[in-house]
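K.L.:
Structure here, sequence nowhere to be found:
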């Protein structure tokens with residue numbers, strides 16, 4: 001269901017904004033998601049572990065997650081606004097777009113993730129998934145409304161909708177959640193000895209999202225906006241295929257945290273096998289349907305089918321990587337996962353810089 005909603009939003013949004021507008025939105029959104037991964041500073045994973053293991057530290061960890069997120073979010077938002085202006089060289093009239101996307105992904109979405117992890121750790125997997133899907137559903141309604149009414153400046157309008165899509169479910173969470181959510185004076189920030197341990201989970205979070213988001217940022221930085229938009233559309237289409245694997249791993253994480261060695265290894269093998277088989281069939285399906293995807297996006301996205309065809313060959317590896325890296329987190333080996341993820345960062349940056357150098361005119 002999440003894949004269908006995400007795909008529908010992607011197609012309508014890409015067609016409504018056009019390649020240049022979609023490229024800019026994808027770049028700004030990628031940076032916001034990347035920095036938003038640091039807002040919780042890994043406390044949401046610690047909370048999931050403590051609740052899954054029925055630890056007596058659940059209340060303390062919940063207060064820690066809320067307080068640390070409330071501290072890190074505004075600092076990261078300010079950093080995001082500054083970096084977005086420097087990295088993307090955007091004009092001043094895009095300030096509200098940057099602010100809305102940044103606030104949604106860096107300040108408010110992390111609180112929604114905390115609520116989802118609470119439900120997930122308690123075994124309410126379906127409710128946890130619904131909570132995470134709600135912003136995507138609202139964004140689909142927003143972009144459908146914008147496309148249907150042909151509003152002026154659709155990028156600005158969608159940025160406001162992007163923010164509202166997170167605020168509405170978060171407001172419901174705060175209303176329904178235990179009283180501690182409405183009592184910020186009871187929240188607490190991580191103490192000095194706790195920061196190093198949390199840092200491993202935090203860097204794990206940002207390094208994991210970086211591999212899937214960094215390429216959109218570099219595309220906007222290194223390519224004309226129109227071409228960057230075509231690439232971002234292809235990358236988003238292919239990247240969305242990994243979502244079912246992520247959902248599968250997320251649903252299995254409480255069991256992985258609780259499992260003994262023998263049981264855990266068996267579950268891990270099944271997860272890797274299913275991820276690999278699914279990735280193969282998903283990639284094959286995407287290659288077959290890529291011409292129809294280009295037809296659905298329109299002539300302005302000419303060439304997107306070739307990009308999708310090329311990127312689809314990476315889907316099986318992406319699915320297995322998603323399973324392996326999350327398993328490493330449940331095994332308490334975040335730094336091994338970070339090393340694997342950062343290898344992907346280095347490859348993307350080196351290839352992008354090499355491509356830029358080869359395109360420089362010789363003197």
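P.N.:
Everything's here; your move. Keep in mind it's a predicted model, so treat the numbers as computed, not measured.

K.L.:
Would you check that residue 327 makes contact with residue 269?
P.N.:
No - with contact defined as Cβ atoms under 8 Å, residue 327 does not reach residue 269; the gap is 10.2 Å. Glycine gets a C-beta too; all of them are placed from N, C-alpha and C.

K.L.:
These two: who's more crowded?
P.N.:
Ranked by neighbour count (other Cβ atoms under 10 Å), residue 327 and residue 269 place residue 327 first, with 21 against 10.

K.L.:
now that we're looking at the more buried one, how far away is residue 337 from it?
P.N.:
9 Å (Cβ to Cβ, to the nearest Å).

K.L.:
Now do the strands in the stretch 151-300 of the chain.
P.N.:
Taking DSSP state E, counting those that start in this stretch to define them, one finds no strands in the stretch 151-300 of the chain.

K.L.:
show me where the stretch 251-363 of the chain has helices.
P.N.:
Under the criterion DSSP state H, counting those that start in this stretch, the stretch 251-363 of the chain contains helices at 261-297, 304-312, 315-330, 334-359.

K.L.:
Of those, which stretch is the most buried?
P.N.:
Mean neighbour count (mean count of other Cβ atoms under 10 Å) peaks for helix 315-330 among the helices of the stretch 251-363 of the chain, with a mean of 21.

K.L.:
neighbouring contacts of it?
P.N.:
By Cβ atoms under 8 Å, 6 or more residues apart in numbering, the list of residues contacting helix 315-330 from outside reads 45, 201, 204, 208, 238-239, 241-242, 245-246, 248-250, 253, 256-257, 264, 268, 271-272, 275-276, 278-280, 282-283, 286, 334, 336-337, 340-341.

K.L.:
Rounded mean pLDDT for it, please.
P.N.:
Averaged over helix 315-330, pLDDT sits at 84.

K.L.:
low-confidence ranges in the stretch 151-300 of the chain?
P.N.:
The stretch 151-300 of the chain contains residues with pLDDT under 70 at 208, 210, 257-264.

K.L.:
The helices of the stretch 251-363 of the chain into JSON lines, with extra columns for distance to residue 183?
P.N.:
Below are those laid out as JSON lines (distance: least, Cβ to Cβ, whole Å):
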{"stretch": "helix 261-297", "distance to residue 183": "37"}
{"stretch": "helix 304-312", "distance to residue 183": "47"}
{"stretch": "helix 315-330", "distance to residue 183": "30"}
{"stretch": "helix 334-359", "distance to residue 183": "31"}
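
K.L.:
now for those, which one comes closest to residue 75?
P.N.:
Proximity to residue 75 (Cβ to Cβ) singles out helix 334-359 among the helices of the stretch 251-363 of the chain, at 21.6 Å.

K.L.:
which strands and helices sit next to that closest one?
P.N.:
Contacts defined by 3 or more Cβ pairs under 8 Å, 6 or more residues apart in numbering; DSSP states H and E place helix 334-359 against helix 194-222, helix 315-330.
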